[in-house]
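*Asks:* coordinates only, no sequence provided:
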C-alpha cells in the first residue's frame, strides 16, 4: 500500500482510525505537550508517563518507538517517541515511520505540537517523509490511506505557523512520492525494465512536470553522439541501449544556478564476460539506481518549483555476455575523445558515466553531481548505511555535508588521492578501467570519473552499499532505497536562488 499526506484539524484528526501522539523522553520518563488534547479516541491523554509505565509497556526513548493503546469502539491511540528533543529532523522521520507502521494499512492522524518546534515546516516535512517512505510497498501500489498532519498549539495557531505546516506537508509529500517512484523503478525485475522501458517510464513521469524537457536517445542517436563507453557496455545485450537527457529551467531569462546530474542506469549487470557469480547477480536489477535517482530529483525540484536549472543525464544499458560483448583488453573511445582500456567488463559503470559526464560538461553547468551504485569497495569501506562522497572542492563538500545532515542520508567524504592516478595508467590507452586489485577501488573509480569533468566543480556519490536495504528498518523498506535523492534535493534547495532575488 501507500499513503498520501494532508493537513487536518484537531476535530478531523480525532476521528481518524489511528491517532498518534508524540512524546519526549526525559530520564526514562516521557512528557506530552500541553497543546495535545486531553481526550483523544475516548482515552484520557496524560501530560506525563513515568519510567515504570514505559518499562512495563516496552516503550523506549529511541525515536520511532511506539506503544499502542486500544479502546473498544473507539480509535486506536498510539504514543510515538521523538527521543529527547523536538529539534532533530531525523527523529521526526523515524516517528513518522513508527506511526505509519502502527496503523497497518489504515489512515492515521499525527498531532504535532507546534509551540515546541523551532521550524514547523522542516519538522513536518521530515515527519511526512518518514511516514510515506515507510508506507511504500512494491506489491501494493496506489494510495489507499492518508497520513493526516494535525498541528496544535496552546493558543490559536498563528498564520505564519499554519503556513509553515502547510509547506512542510506539501514538501514532504512531493519528496517522498518522488523517492517512492524511484524505488518502484529500482525494485522492478530487470526482465520487465529494459533500458528502453526505463526510458519510457522516465519520459512518462517527466511529461507531467512544468518547465521540463526530456528526450530519449536511441542507439542511432547514441552512435551519432559518439558515446563509445555506453555503446561498448551495451553491445553484449539484445536489449537496445538508451540515454535520457532532461532539463528543468523554470526561468529561461534569469541567471539561475545550473547543476548537471548524471546517473548510472545499468538495468541489469551480469558482469559481462568478466561474469559475476550467481549470488552476485541476484540484486543487479538495482544497478540503475543512479538513473532513477537523478530523474526523480529533477521531477521533485520541478514540482517544488525550486529556482534552479537542472540538466539530468541517464545512460541506460544492460551489461550482458552476448557474442558481441566487449572483451577484456578492448579499448573504448569516450565522447570527449579519451580512450579507456577495458580490463574488467564488470567495471562498466564508470564507462557509461564517462560519456554522461562528457555530455554534462558540454551543458556548461556551475557544478556536476554523479550518482552510481559503482563499486564493491565502497561497501567494504563504509557498509550499507553510509555512502561515499567525493568532491573536487571543499565548498561543495561542505554544502553536501549539510544537505546530508538535513536529509538523514549519511555520507562520508573520501579522498581523491592524486598519487593513486598511477593505479589506472594504461600502456595502450589514456587509462584503464580498473585499479590495483584490493587497493582503493572506490578511489580509483572516482579518479577515472574526475578526468571527464573538465576540472569543473564536481561531486561523485558512490552508493553501492546504501542503495539497497536487506531489511526494513526505520523509514527504509526492504529493497530499493533511492539513497541520495533526498540529499541532492536538499543540495539544490541550498544552492538555488533565494525567493524574491
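*Replies:* Arrived safely. Note that the structure is a prediction, hence the values are computed from the model and not measured.
*Asks:* alpha carbons only for contacts and neighbour counts from here, please
*Replies:* Will do.
*Asks:* as a check, name the ranges of all strands in the stretch 1-150 of the chain.
*Replies:* Along the stretch 1-150 of the chain, counting by DSSP state E, counting those that start in this stretch, strands occupy 2-7, 18-26, 29-31, 39-40, 43-44, 48-49, 66-69, 76-81, 108-113, 143-152.
*Asks:* mind checking how far residue 464 is from residue 187?
*Replies:* Distance from residue 464 to residue 187, counting by CA to CA, to the nearest Å: 15 Å.
*Asks:* between the two, point out the one with more neighbours.
*Replies:* Neighbours of residue 464 and residue 187, each counted by other CA atoms under 10 Å, are more numerous for residue 464; the result is 29 against 20.
*Asks:* excluding chain neighbours, what is closest to that one?
*Replies:* residue 373 (3.9 Å; CA to CA, 6 or more residues apart in numbering).
*Asks:* okay but that neighbour is in contact with residue 445, surely?
*Replies:* No. Assessed by CA atoms under 8 Å, residue 373 is found out of contact with residue 445, at 11.6 Å.
*Asks:* scan this structure for its longest helix.
*Replies:* helix 159-187 (DSSP state H).
*Asks:* now the element after that helix, going C-ward?
*Replies:* On the C-terminal side of helix 159-187, the nearest following helix or strand under DSSP states H and E is helix 195-206.
*Asks:* in a helix, residue 370, correct?
*Replies:* No. The assignment for residue 370, made by DSSP: H, G, I helix; E, B strand; the rest coil, is strand rather than a helix.
*Asks:* would you list every one of the helices in the stretch 401-501 of the chain?
*Replies:* For the stretch 401-501 of the chain, the helices defined by DSSP state H, counting those that start in this stretch cover 441-450, 485-495.
*Asks:* closest to residue 411 out of the ones you listed?
*Replies:* helix 485-495 (9.4 Å; CA to CA).
*Asks:* please parse this protein into its domains.
*Replies:* Domain ranges of the chain: 2-182, 204-495, per automatic domain parsing.
*Asks:* go through these and find the least confident stretch.
*Replies:* Across the domains of the chain, domain 2-182 has the smallest mean pLDDT, namely a mean of 94.
*Asks:* chain center to it, what's the gap?
*Replies:* On the basis of CA atoms, centre = their mean, to the nearest Å, domain 2-182 is displaced by 22 Å from the centre of the chain it belongs to.
*Asks:* start and end of it, how far apart?
*Replies:* Distance between the two ends of domain 2-182: 14 Å, counting by CA to CA.
*Asks:* please apply the same query to stretch 341-352.
*Replies:* This stretch, stretch 341-352, spans 14 Å end to end (CA to CA).
*Asks:* packing partners of the longest helix of the chain?
*Replies:* Packing partners of helix 159-187 (3 or more CA pairs under 8 Å, 6 or more residues apart in numbering; DSSP states H and E): strand 2-7, helix 120-134, strand 143-152, helix 289-303, strand 479-480, helix 485-495.
*Asks:* quick check: buried residues in stretch 205-223?
*Replies:* 206, 209, 210, 211, 212, 214, 216, 217, 218, 219, 222 (16 or more other CA atoms under 10 Å).
*Asks:* could you find the closest non-adjacent residue to the first one?
*Replies:* Leaving aside its sequence neighbours, residue 206 sits nearest to residue 299 (CA to CA, 6+ apart; 6.3 Å).
*Asks:* surely the one you found touches residue 178?
*Replies:* Yes. Under the criterion of CA under 8 Å, residue 299 makes contact with residue 178 at 7.2 Å.
*Asks:* if we can go back for a sec, figure out which of the strands of the stretch 1-150 of the chain is closest to residue 433.
*Replies:* For residue 433, the closest of the strands of the stretch 1-150 of the chain is strand 2-7, at 41.5 Å, according to CA to CA.
*Asks:* partners of the closest one, with directions?
*Replies:* The sheet places strand 2-7 alongside strand 143-152 (parallel), with pairing taken from DSSP bridges.
*Asks:* picking up where we left off before, now the angle from the longest helix of the chain to helix 485-495?
*Replies:* Using axes from the mean of the first three to the mean of the last three CA atoms, to 10 degrees, the inter-axis angle of helix 159-187 relative to helix 485-495 is 140 degrees.
*Asks:* okay, angle between helix 159-187 and helix 120-134 too, please.
*Replies:* Going by the same axes, to 10 degrees, helix 159-187 makes 30 degrees with helix 120-134.
*Asks:* still on that earlier bit, just the helices of the stretch 401-501 of the chain: most buried one?
*Replies:* Of all these, helix 441-450 carries the top mean neighbour count, a mean of 23, counting by mean count of other CA atoms under 10 Å.
*Asks:* other SSEs contacting that helix?
*Replies:* Secondary-structure packing of helix 441-450 (3+ CA pairs under 8 Å, 6+ apart): helix 349-362, helix 376-382, strand 458-462.
*Asks:* closest to residue 81 out of the ones you listed?
*Replies:* Using CA to CA, the nearest of those to residue 81 is helix 376-382, at 28.7 Å.
*Asks:* tell me the strands beside the helix or strand just after that closest one, with direction?
*Replies:* The helix or strand immediately downstream of helix 376-382 is strand 386-391, counting by DSSP H and E. As defined by DSSP bridges, the strand partners of strand 386-391 come to strand 410-413 (parallel), strand 458-462 (antiparallel).
*Asks:* got the contact list for the last one?
*Replies:* Outside strand 458-462, the residues that touch it by CA atoms under 8 Å, 6 or more residues apart in numbering are 367-375, 378, 387-393, 396-397, 442, 446, 450, 484.
*Asks:* cool, stretch 468-477 as well?
*Replies:* 64, 93-94, 96-98, 130-131, 133-134, 136-137, 286, 384, 478-483.
*Asks:* what sits against residue 173?
*Replies:* Residue 173 makes contacts with 4, 5, 125, 128, 129, 132, as judged by CA under 8 Å, 6+ apart.
*Asks:* and if we set it to 10 Å?
*Replies:* 3-6, 125-133, 147, 167, 179 (CA atoms under 10 Å, 6 or more residues apart in numbering).
*Asks:* return the member of those residues nearest to residue 41.
*Replies:* The shortest approach to residue 41 among the contacts of residue 173 belongs to residue 147, at 16.7 Å (CA to CA).
*Asks:* ignoring the adjacent residues along the chain, who's closest to that closest one?
*Replies:* Excluding the flanking residues, the one nearest residue 147 by CA to CA, 6+ apart is residue 5, at 4.6 Å.
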